[in-house]
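Participant: pasted the sequence and its predicted model underneath.
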Amino acid sequence: MSSSAGSGSLARYILVRIILVIPMMLILLTVVFLLLRVAPGDPVSASVGGRLPPAILAQKRAALGLDQPLYQQYLEYLGHVVRFNFGTTISDNQPVLSVIRDKGGATLTLTVGAFLIALVLGLPLGRLAGRYRDSGADAVIRIFGIVTYAAPIFWVGVLLVAFVAAHFPSWPTYGIASAQTTFVVPTHTHILIVDSIIANYWSGVFDILKHCVLPCITLGLLITGVIIRLVRVNVIQALKGDYVEAARARGVPEGRVVRKHAFRNALVPVITVIGLQVALTLSGAVLTETTFNWPGVGTALVNYLNERDYTAVQGLVTFFAVVVVIVSLLVDILNALVDPRVRY
């Protein structure tokens with residue numbers, strides 16, 4: 001009876017979360033749509049104004065539907081997003097979805113690498129700070145977490161590049177791979193490291209990993225500070241629990257108490273926070289990719305901003321918004337599976 005009630009509450013929770021995604025998505029899409037419409041002029045004039053005759057400009061506006069009433073543009077915009085049509089760029093006349101397909105693999109590689117570094121650093125440091133609360137180690141780790149979170153990401157990237165260039169001049173400091181790797185590896189998945197593995201080109205895999213080190217550390221440090229603080233707080237709270245006191249009363253060593261009891265319970269909120277950090281990671285990826293000349297979606301977004309291609313910018317920002325909402329939904333579901341208390 002209790003298992004059926006638990007499964008029913010889980011299904012109900014997932015259904016509610018899916019329903020709540022709809023207004024959340026509408027709000028995000030509306031904000032993106034309106035922000036680009038309140039800018040002076042229109043996307044076509046901003047992108048190619050002054051370089052084309054007025055008649056050609058009028059034709060381009062009509063082709064993009066910019067001569068229609070605002071509400072009709074909004075409804076068409078929503079209809080396109082539902083069909084995963086994010087528009088066509090003005091400056092180079094290619095579907096935004098093609099830009100995402102070609103550049104998304106590089107951004108995915110960067111974000112996955114950054115999250116791995118953040119977890120490798122943040123989880124053990126947060127556990128150590130929570131176990132030795134108010135000690136010297138705790139103070140140092142807390143300061144490290146604050147600095148890594150507060151430091152401007154482009155400044156951290158420039159410092160790392162300067163340090164590596166001075167002490168390790170042969171280490172790559174920009175790009176996702178050498179020219180030879182990008183030329184040799186055939187495209188299958190648009191994720192260069194995966195394509196290199198498929199092609200059995202292991203020197204290319206090593207080359208890509210070397211190029212990943214600096215940008216992934218730069219972006220990973222931003223997330224590390226958040227994870228350190230969260231794990232520390234939850235370890236401290238868990239160590240005050242009755243089950244921890246019971247384990248200590250049974251003579252369980254303190255290290256095992258922290259590792260097996262407090263730390264495991266402290267990991268539950270980390271799942272939620274990792275999902276919430278997706279938006280922060282995507283925004284940080286834009287600056288990181290620009291700093292390291294990384295050929296991802298963030299670099300493409302900056303280039304389209306410089307070209308004043310607002311249609312491309314709208315499509316890419318919309319894609320980011322959709323990704324954030326979907327990841328938030330998946331994290332909520334995963335959190336409910338891990339922690340049954342969330343369902344009620």
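Facilitator: Arrived safely.

Participant: kindly state the domain boundaries assigned to this structure.
Facilitator: Domain assignment of the chain by automatic domain parsing yields the ranges 1-91+308-344, 102-306.

Participant: for the ones you listed, give me CSV that also has mean pLDDT.
Facilitator: Formatted as CSV, the domains of the chain follow (pLDDT from 0 to 100):
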stretch, mean pLDDT
domain 1-91+308-344, 76
domain 102-306, 86
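
Participant: most tightly surrounded among those domains?
Facilitator: domain 102-306 (a mean of 18; mean count of other Cβ atoms under 10 Å). No exception for glycine: its C-beta is placed from N, CA and C like everyone else's.

Participant: and that domain, how far from the chain's centre?
Facilitator: 11 Å (Cα atoms, centre = their mean, to the nearest Å).

Participant: mind listing what R250 touches?
Facilitator: Contacts for R250 were tallied using Cβ atoms under 8 Å, 6 or more residues apart in numbering; there are none.

Participant: got the phi and psi for it?
Facilitator: Torsion angles at R250 (phi, psi; degrees, to the nearest 10) stand at phi -80, psi 0.

Participant: and it, how far from V257?
Facilitator: 10 Å (Cβ to Cβ, to the nearest Å).

Participant: again, but for Y13
Facilitator: From Y13 to V257 the distance is 32 Å (Cβ to Cβ).

Participant: isn't G220 up against L116?
Facilitator: Yes: using Cβ atoms under 8 Å, G220 is in contact with L116, at 7.4 Å.

Participant: V161 in helix, strand or coil?
Facilitator: Three-state call for V161 (DSSP: H, G, I helix; E, B strand; the rest coil): helix.

Participant: how about it: what's its closest non-neighbour residue?
Facilitator: T173 (4.7 Å; Cβ to Cβ, 6 or more residues apart in numbering).

Participant: what strand or helix carries that neighbour?
Facilitator: For T173, there is no enclosing helix or strand under DSSP states H and E.

Participant: helices of the stretch 151-300 of the chain, residue ranges please.
Facilitator: 153-167, 179-184, 192-198, 202-238, 242-249, 254-256, 263-291, 297-306 (DSSP state H, counting those that start in this stretch).

Participant: what residues are up against the residue nearest to V161?
Facilitator: Counting by Cβ under 8 Å, 6+ apart, T173 touches 161, 164-165, 214, 292.

Participant: which pair in those residues spans the largest distance?
Facilitator: A165 and F292 (12.4 Å; Cβ to Cβ).

Participant: residues touching stretch 221-228, excluding its own?
Facilitator: 114-115, 117-119, 121-123, 125-126, 129, 141-142, 144-151, 153, 156, 270, 273-274, 277, 280-281, 284.

Participant: output it as CSV, restricted to C-alpha atoms.
Facilitator: The C-alpha trace of stretch 221-228 is given here as CSV (Å, rounded to 0.1, in the frame of the first residue of the first chain):
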residue,chain,number,x,y,z
LEU,A,221,36.2,27.5,-10.6
LEU,A,222,33.1,29.6,-10.9
ILE,A,223,30.9,26.6,-10.0
THR,A,224,33.3,25.3,-7.4
GLY,A,225,32.6,28.1,-5.0
VAL,A,226,28.9,27.4,-5.0
ILE,A,227,29.4,23.6,-4.4
ILE,A,228,31.9,24.2,-1.6
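
Participant: what's the first helix or strand after the host helix or strand of G122?
Facilitator: G122 belongs to helix 96-131 when assigned by DSSP H and E. Sequence-wise, the next helix or strand downstream of helix 96-131 (DSSP H and E) is helix 136-150.

Participant: between the helices of the stretch 151-300 of the chain, which one is nearest to S135?
Facilitator: When these are compared (using Cβ to Cβ), the closest one is helix 202-238, at 11.8 Å.

Participant: who are the packing partners of the helix holding G122?
Facilitator: For helix 96-131, the packing partners by 3 or more Cβ pairs under 8 Å, 6 or more residues apart in numbering; DSSP states H and E come out as helix 136-150, helix 192-198, helix 202-238, helix 263-291, helix 297-306, helix 310-338.
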